[in-house]
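Student: Below is the structure, and that's it, no one-letter string:
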Ligand code: B12
Ligand code: SF4
Ligand code: SF4
C-alpha cells in the first residue's frame with residue numbers, strides 16, 4: 001500500500017490532485033443492503049458447507065466499481081453541461097486522499113469505530129467517490145453553519161466490529177491495523193504469506209466483510225438505493241470455486257475470466273496464492289494432483305512457492 005505513503009501534505013491537499021481546485025463533491029454509492037435479493041452474504045455460509053470455495057466480500061461481487069463509478073460521475077458532469085468548460089478529476093479509491101474524512105465533512109455519514117463511513121438507514125455497504133473541480137459552489141456550508149449544528153450520530157457503546165473481527169485488526173476505536181486486516185492480506189499484500197497470515201484468511205479469498213456484517217447500522221437497510229451494476233449476478237457472486245482458480249494457467253485467461261470485476265487487482269498469482277491458503281485452512285488436500293502437475297512448473301515464482309508450501313503442508 002505504498003501509494004498511501006505520501007504524508008499529510010498530499011493526503012489533505014486537493015491542489016496536489018488538481019491545481020485549479022475550488023471545491024470537492026463527495027458521493028456515496030450503496031452497493032449492497034440487508035434486503036439484497038440476489039445476494040447470499042459470503043459470511044452466511046457455514047464453514048463445513050463451503051469446503052472447496054472461497055468467500056468474496058460484497059463490494060467485489062458485482063461489476064468493477066472503479067469503472068462503474070467513473071462512468072457515473074462522468075455522466076453527472078455531462079448532465080450539468082460542464083464537461084468542456086470545467087477542469088475536473090474523478091476519483092474513487094484510486095488516489096491517496098482521505099475519502100472517508102471528506103464524506104464525513106460533507107455530512108454523508110459519520111465514521112464508525114470500524115473506521116467505515118456509516119450512513120444511518122443506508123449502512124456501510126457503500127463506495128465513496130469524489131469530483132474535484134474548479135467550480136465554486138455558492139451557498140452556505142451546513143458544516144460551517146454553527147446556528148444549526150448537525151445531528152450527531154455515533155456508535156454509542158457498541159463494539160461489535162472489534163469483538164467479531166477474526167484477526168483483532170481493529171486495535172482501538174476508529175483504528176484499523178491494516179497489516180492484520182484480512183482485506184489487506186488477501187488483496188493488497190504482495191508475495192507469500194507467513195503461517196499467521198495464512199491462518200488469518202480463514203475462507204476469505206478476496207476481501208472480508210465480518211466487521212460490516214455485525215454492524216447494527218446494516219440491519220433493515222433498503223434495496224431500493226443499491227446501484228444496479230453491483231448486483232452479484234453481474235459479477236463473481238459470493239463464492240469462488242478453488243478448483244477453477246487453480247486451473248487458470250495464464251494471465252490472459254485470468255483477465256478474461258475476471259474482466260470488469262474488482263478481482264483483477266489481486267492478479268492471477270495473488271488469487272492462486274489465496275486459493276491455496278484457503279484450501280490449507282479448510283484442510284482440503286484434494287488439489288494435490290493439480291498442484292503437482294500444473295503449479296510447480298508455473299511461470300510465476302509466487303505460484304511455484306505457494307504450490308511447494310501446499311504440498312509440504314499435506315505430505316510432511
Ligand atoms: C488503505 C485502504 C484500506 C486498507 C486500510 C483500511 C483502514 N481502515 O485504514 C485495507 C486494505 C485494510 C482496507 C480494507 C477495507 N476497505 Co479500504 N480503503 C483504503 C483507502 C485506499 C485508504 C484509507 C486510508 O487508510 N486512509 C488513510 C487513513 C489515515 O484515513 P481513513 O482510514 O480514511 O481514516 C481517517 C480519517 O477518516 C480521519 N477521521 C476520522 N474521523 C474523522 C472525522 C473528521 C471530521 C475528520 C476531518 C477526519 C476524521 O481519521 C481516520 C484515522 O486516521 C480508502 C480509499 C481512500 N483513498 O480513502 C479505501 C476505503 C476506505 N476502503 C473501503 C472499503 C469498502 C474497504 C473494505 C470494506 C473492503 C472489504 N470488504 O474487504 C475493508 C474494510 C476494513 C475496515 N474496517 O476499514 C471504502 C470504504 C467505504 C466506506 N463506506 O467507508 C474506501 C473509502 C474506498 C472507496 N472509495 O469506497 N482498505
Ligand atoms: S475487514 Fe475483516 S479483518 Fe478487516 S477489520 Fe473488518 S473484520 Fe477485521
Ligand atoms: S459494529 Fe458497532 S462499533 Fe462497529 S462501526 Fe458498527 S455501530 Fe460502530
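Tutor: Arrived safely. Everything numeric in this text was worked out from a predicted model, so none of it was measured. Ligands and ions are numbered 1, 2, ... in the order given.
Student: can you map out the helices along the stretch 151-300 of the chain?
Tutor: Secondary structure of the stretch 151-300 of the chain, counting by DSSP state H, counting those that start in this stretch: helices at 160-164, 182-183, 195-201, 210-213, 242-246, 251-257, 267-281, 288-294.
Student: Kindly reformat those helices as CSV containing mean neighbour count, mean pLDDT and distance to residue 109.
Tutor: All C-beta spots, glycine's among them, are computed from the backbone N, C-alpha and C. Output for the helices of the stretch 151-300 of the chain, formatted as CSV (neighbours: other Cβ atoms under 10 Å; pLDDT from 0 to 100; distance: least, Cβ to Cβ, whole Å):
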stretch, mean neighbour count, mean pLDDT, distance to residue 109
helix 160-164, 17, 97, 15
helix 182-183, 22, 98, 20
helix 195-201, 17, 97, 28
helix 210-213, 23, 96, 13
helix 242-246, 19, 98, 35
helix 251-257, 14, 98, 35
helix 267-281, 24, 98, 31
helix 288-294, 15, 95, 45
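Student: Turn the ones you listed into TSV, columns for distance to residue 54.
Tutor: Converted to TSV, those look like this (distance: least, Cβ to Cβ, whole Å):
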stretch	distance to residue 54
helix 160-164	20
helix 182-183	12
helix 195-201	9
helix 210-213	15
helix 242-246	6
helix 251-257	14
helix 267-281	5
helix 288-294	15
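Student: Go through those and name the closest to ligand 3.
Tutor: Among those, helix 160-164 comes nearest to ligand 3, with 3.2 Å by Cβ to the nearest ligand atom.
Student: That closest one close to ligand 3?
Tutor: Yes: residues of helix 160-164 contacting ligand 3 under Cβ under 6 Å from any ligand atom: 160-161.
Student: Nearest to residue 139 among the helices of the stretch 151-300 of the chain would be which one?
Tutor: Nearest to residue 139 among the helices of the stretch 151-300 of the chain is helix 210-213; the distance by Cβ to Cβ comes to 33.7 Å.
Student: and the stretch 151-300 of the chain, which residues reach ligand 3?
Tutor: Neighbours of ligand 3 within the stretch 151-300 of the chain, by Cβ under 6 Å from any ligand atom: 155, 158-161, 214-217.
Student: Following the chain onward from the lowest-mean-pLDDT helix or strand in the chain, which element is next?
Tutor: The helix or strand of the chain with the lowest confidence, counting by mean pLDDT, DSSP states H and E, is helix 7-12 at a mean of 75. Sequence order places strand 23-30 as the next helix or strand after helix 7-12, per DSSP states H and E.
Student: List the buried residues of the next helix or strand after that following strand.
Tutor: Tracing the chain past strand 23-30, the next element assigned as helix or strand by DSSP H and E is strand 53-56. Neighbour counts over strand 53-56 (16 or more other Cβ atoms under 10 Å) mark 53-56 as buried.
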